[in-house]
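S.K.: Okay, sequence plus prediction incoming.
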Amino acid sequence: MKDFHVVVLIKPSPDIENVRFDTERGVVDRSSAPLEINPFDLNALEAAVQIKEKLGGEITAISMAPPMAEPVLKDAIARGADRAILLTDKRFAGADTLATSYTLASAIKKLGKFDLIICGEKTVDGDTAQVGPEVAEHLGIPHVAYVSRIEEVSKERLLIVSDMGVPYLMELRLPGLITVTKDVNKPRLPTLRDKLRARKAKIEVWTADDLADVADVNRFGFSGSPTRVVKAFVLTEKKRKGVIFKGEDAVDRLIEVLEREGILG
Ligand code: FAD
């Protein structure tokens, strides 16, 4: 393995503009929209590429997802990852954030040496922002979330701004993990040559058995998940009524309506 090793965690997420919700089963209908790199993870990957441009080394992208997510990892290769690993197995299914982060952390352990792990701040579908910090806890390494600027990088430490409403300038000793916000950079687009190269790239597939020497397989998937989704709801959007009051008594009628609705006392 080359000198400085950055791992980027990429969640294949449904295109949020087009995805539908299966209201009867209370789940996202994953067949209704193609999978793509979670938008925040594009920033994570771009951060890794910029760090590699300064320090050299290697970038490994890891996803835990069904086999149909393979093109998403090819896209990660087109955008600068050197190696991509898809963790896929029925035994990973039904994972809550704890089991997801445990599985991802186990794969990173299996890789051996790593210096920096970069995640998106959150996903557009699950939106918990828990997975990154949990991966760091499983690996026993420090982490900083909501990184909006990377000021300095070296092989030993990062100087970063974490923005949680108030910006903090922080030093992170490596190995460590950061989660990045949209402000951290502007992801570049892959060129045609990048896309063609990625099309031929091989995505490594790891199953639960591949992680058995570094992990407890009972902590994967449904059996490793202490939380259960009991019911999911689709919120109905309240539309504006859009009434137009015209004529000389328009203001009086408006006041009458506002009083009736309890808006004016
Ligand atoms: P966040 O914590 O918001 O993500 C932060 C960052 O972590 C991302 O930007 C990315 O860098 C990284 N990351 C997150 N997830 C992954 C991943 N999978 N691979 C690589 N990097 C990642 N989902 C299912 O698909 N099938 C199920 O059956 C299922 N069952 C669930 C049951 C329960 C009880 C719960 C609570 C959730 C379940 N989920 C299921 C959802 C699943 O737990 C989440 O999709 C997953 O844990 C990621 O959470 P998140 O989207 O909130 O990620």
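M.R.: Arrived safely, thanks for sending. Numbering: from 1, shown residues only.

S.K.: G120 versus the residue in the stretch 101-250 of the chain that the ligand sits nearest to, what's the distance?
M.R.: Ranked by Cβ to the nearest ligand atom, the top residue of the stretch 101-250 of the chain for proximity to the ligand is G126, at 2.0 Å. Placement of C-beta: from N, CA and C, glycine included. Going from G126 to G120 by Cβ to Cβ, to the nearest Å gives 11 Å.

S.K.: now do L35
M.R.: 15 Å.

S.K.: Between these two, which has more neighbouring residues?
M.R.: More crowded of L35 and G120, by other Cβ atoms under 10 Å: G120, with 28 against 21.

S.K.: Pull the contacting residues for the closest residue to that one other than its chain neighbours.
M.R.: Leaving out its chain neighbours, the residue that sits closest to G120 by Cβ to Cβ, 6 or more residues apart in numbering is F40, at 2.8 Å. F40 makes contact with G120, E121, K122, T123, V124, V180, T181, K182, according to Cβ atoms under 8 Å, 6 or more residues apart in numbering.

S.K.: Recalculate using a threshold of 7 Å.
M.R.: G120, E121, K122, T123, K182 (Cβ atoms under 7 Å, 6 or more residues apart in numbering).

S.K.: Need the phi and psi values for the fourth one.
M.R.: Think T123. phi -110, psi 160 (degrees, to the nearest 10).

S.K.: swap in T181?
M.R.: phi -100, psi 180.

S.K.: Tell me how many other residues crowd it.
M.R.: 20.

S.K.: pretty sure it contacts S162?
M.R.: No: between T181 and S162 no contact is recorded; they are 9.1 Å apart, counting by Cβ atoms under 7 Å.

S.K.: Overlap in contacts, these two.
M.R.: Contacts common to T181 and S162, judged by Cβ under 7 Å, 6+ apart, are Y146, V147.
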